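[1] Fold the following and give me the result.
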Amino acid sequence: MPLNRRAFLESSAAVGAGIALTAGVAAPAEAHGGTRPRPAKRYSFTVMGTTDLHGNVFNWDYFTDKEFDDKAHNDVGLAKISTLVNQVRAAKGEGNTLLIDAGDTIQGTQLSYYYAKVDPITKAGGPVHPMAQAMNAIGYDAAALGNHEFNYGIPVLRKFQDQCDFPLLGANALDAKTLRPAFPPYSMHCLRTPHGRDVKVAVLGLTNPGIAIWDKANVTGQMVFPGLEEQAAKWVPKLRSMGADVVIVSAHSGSSGLSSYGDQLPYIENAAGLVAEQVPGIDAILVGHAHTEIPEYKVTNKETGKDVVLSEPLKWGQRLTLFDFDLVWVKGRWTVEKVGAQVLNSNAVAEDPEITALLSDEHKKVVEYVNQVIGTCTAAMTTADAPWKDEPIIDLINVVQAETVRAALAGGQYGNLPVVSQASCFSRTARIPAGQVTIRDAAGLYVFENTLEARLMTGAQLKDYLEYSARYYVQTPADAPVDTAKLTNANATPDYNYDAVSGLTYEIDIAKPAGARIVNLSFEGKPIDPAAQFVFAVNNYRANGGGAFPHVAAAPKLWANSDEIRNTIIQWVQAKGTVDPAQFASVGWKLTRDGVPVF
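    This is a model prediction of the structure:
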């Protein structure tokens, strides 16, 4: 008997998790007057949703090799989500529920990386991806494609698709030649009511147009990704004409209406709110991509004046969204009378033992893999202060990248040009310990599947690049106190969109406005020549336009590597045997105010 059809927990457990025990059929209204009117036919059902699972099955942090925890004591993983799902199904009735996801499923942990790269699902007779196993067992009904689904290439994604018992939806993921959907645009689900009139629920899947930039190497010439609003406007009327009583959109797109890639694409990155506002006929939207928690957010559709309910559960399986629908039978069809949304916290429940048992062998293999020793380090390094100080641990990334590019270009046309390198602080909790260094230490430092490129840049372009990066800091007058908790992430700029550049020396004057902060920019002790040429070692995300940094996406590509930067770091440490920060660490940049160092 498959796990998604196993016996569910008792209703008392659902009450303990804070789930309302709403019956599938609403009670008839009281009669008024002398005759009892025929009660309206009513039906209630619940759609559960997750998003941005990023390879999390267990409540485990493979980078620290211990149970996951954060300041808010959140928990992660599908094993926790499974327990919540079981409780909701027990409370509502399994036939009165659906379970969907809004994308970014197969990238993010070493568990997902292992089965894409180390023991890949694409090899002959290869394994079934742990995320497919878990989601099949829990009983997902549909999932939208996320942008990170494309990180490992289309063959891995297609194999994962084959292994899923539910459809991967992407109405705006089109074949580049035919412009027809490359994945199912939607799925249709019939819920049986006690009234002999089924409810048809359509789930429309939309993914992120930014895939065309972020995974350019994997999708160019194969797929194109038009805007969410455009494709929703095309498909929602079709779904209604096909008899859909309820239309739900699962969108791997935030709700802010903004794009991290600026005007590089004519399509909005975070367009879920615009879809709700512009496209009539949508009842609810499961939002993804932004890694924020939105229990319930209502957007009024401009054409109909009706509210569309949006909800985004927190990433990695930390929350489960519940959309509760109340329907009434009016004029020969089901009509949505009310929609509400809430989120459940996965830290309130235990992991589902059936899910953890199902994947215990895979988990053990990955734990053994990440704990392999690759070398030693003479001193501990951390990223705790890296967002505001030039720290050795970020210098490590840059020296590896610069040496790799320098070796690749040696003896060629550009072999004598100076090499500079960019790196970001992806995690403020990464550390390389003194003593033995393991794969998980390197993986924790570089958590994304980025690859390395070399681009040709001028001194003037590099200054523009640094000015753009320096927008990350909150403008702070020279006489004002400095609070590091409030110093960074100006205008919601994430840590991964702040770059430190090695090989140059410069100051960032945070007392000055954005755009005029880079001072004393020099190379080899002399002011930088605006016309001088440099080789820029840069990750493919940035080189392809991620973050909308100036010049780099249009700069000539001199070289590119297909291996992840993380693996390049691992191989560098293995070759060195011992990592000594004293051999490569230097203070190339610092924060100042009117020439006075902040720290």
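
[2] hey, let's count contacts and neighbours off CA atoms from now on
    OK.

[3] and the gap between Pro185 and Leu53?
    21 Å (C-alpha to C-alpha, to the nearest Å).

[4] Those two: which has the busier surroundings?
    A direct count of neighbours by other C-alpha atoms under 10 Å for Pro185 and Leu53 places Leu53 higher, at 26 against 23.

[5] what helix or strand is the more buried one on?
    According to DSSP states H and E, Leu53 maps onto no helix or strand at all.

[6] what are the phi and psi angles of the nearest residue to it once chain neighbours are set aside?
    Leaving out its chain neighbours, the residue that sits closest to Leu53 by C-alpha to C-alpha, 6 or more residues apart in numbering is Trp316, at 4.0 Å. Backbone geometry at Trp316, expressed as degrees, to the nearest 10, gives phi 70, psi 10.

[7] Trp316 against Asp52, yeah?
    Yes: counting by C-alpha atoms under 8 Å, Asp52 is a contact partner of Trp316 at 5.7 Å.

[8] The two: who's more crowded?
    Neighbour tally, Trp316 and Asp52, criterion other C-alpha under 10 Å: the higher count belongs to Asp52, 29 against 26.

[9] how much space between the more buried one and Arg319?
    Asp52 is 11 Å from Arg319, by C-alpha to C-alpha.

[10] Same question for Asp283.
    From Asp283 to Arg319 the distance is 21 Å (C-alpha to C-alpha).

[11] Looking at these two now, which is surrounded by more residues?
    Taking other C-alpha under 10 Å, Asp283 and Arg319 do not tie; Arg319 has more neighbours (28 against 20).

[12] got a pLDDT number for the more buried one?
    Note for Arg319: predicted pLDDT of 98.

[13] What about it? Give its phi and psi, please.
    As for Arg319, its main-chain torsions (degrees, to the nearest 10) stand at phi -140, psi 160.

[14] That one touches Ala348, doesn't it?
    No: look at Arg319 against Ala348 with C-alpha under 8 Å: they stay out of range, at 10.1 Å.

[15] Tell me where the stretch 201-350 of the chain has strands.
    223-224, 246-251, 284-287, 294-300, 307-312, 319-330, 333-345 (DSSP state E, counting those that start in this stretch).

[16] of all those strands, which lies closest to Ile570?
    strand 223-224 (32.4 Å; C-alpha to C-alpha).

[17] for that closest one, the distance to its chain's centre please.
    20 Å (C-alpha atoms, centre = their mean, to the nearest Å).

[18] Neighbouring strands of it in the sheet, and parallel or not?
    If you go by DSSP bridges, strand 223-224 pairs up with strand 174-175 (antiparallel).

[19] Next, count neighbours for Ala72.
    By the criterion of other C-alpha under 10 Å, Ala72 has 7 neighbours.

[20] any chance you could read off phi and psi for it?
    Dihedral angles for Ala72 - degrees, to the nearest 10 - are phi -90, psi 0.

[21] quick one: it from Asn345, how far?
    Distance from Ala72 to Asn345, by C-alpha to C-alpha: 11 Å.

[22] Please apply the same query to Asp283.
    24 Å.

[23] Please name the residues that touch Ala402.
    Ala402 sits next to Val419, Val420, Ser421, Ala537 when contact means C-alpha atoms under 8 Å, 6 or more residues apart in numbering.

[24] among those, which are in strands?
    Under the assignment DSSP state E, the contacts of Ala402 contribute Val419, Val420, Ser421, Ala537 to strands.

[25] who's in contact with the second one?
    If I follow you right, that is Val420. Neighbouring residues of Val420 by C-alpha under 8 Å, 6+ apart: Ala402, Val501, Ser502, Gly503, Leu504, Phe534, Val535, Phe536, Ala537.

[26] for the residues you listed, which one is nearest Gly243?
    Ala537 (53.7 Å).

[27] So what sits opposite that closest one in the bridge?
    Ser421, Ala454.

[28] quick one on the thing from earlier: now render the contacts of Ala402 as CSV, adding distance to Gly146 and pLDDT.
    Putting the contacts of Ala402 into CSV (distance: C-alpha to C-alpha, whole Å; pLDDT from 0 to 100) gives the following:
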residue, distance to Gly146, pLDDT
Val419, 34, 98
Val420, 32, 98
Ser421, 29, 98
Ala537, 27, 98
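
[29] With distance to Phe549 added, can I get those in TSV?
    Formatted as TSV, these follow (distance: C-alpha to C-alpha, whole Å):
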residue	distance to Phe549
Val419	19
Val420	16
Ser421	14
Ala537	14
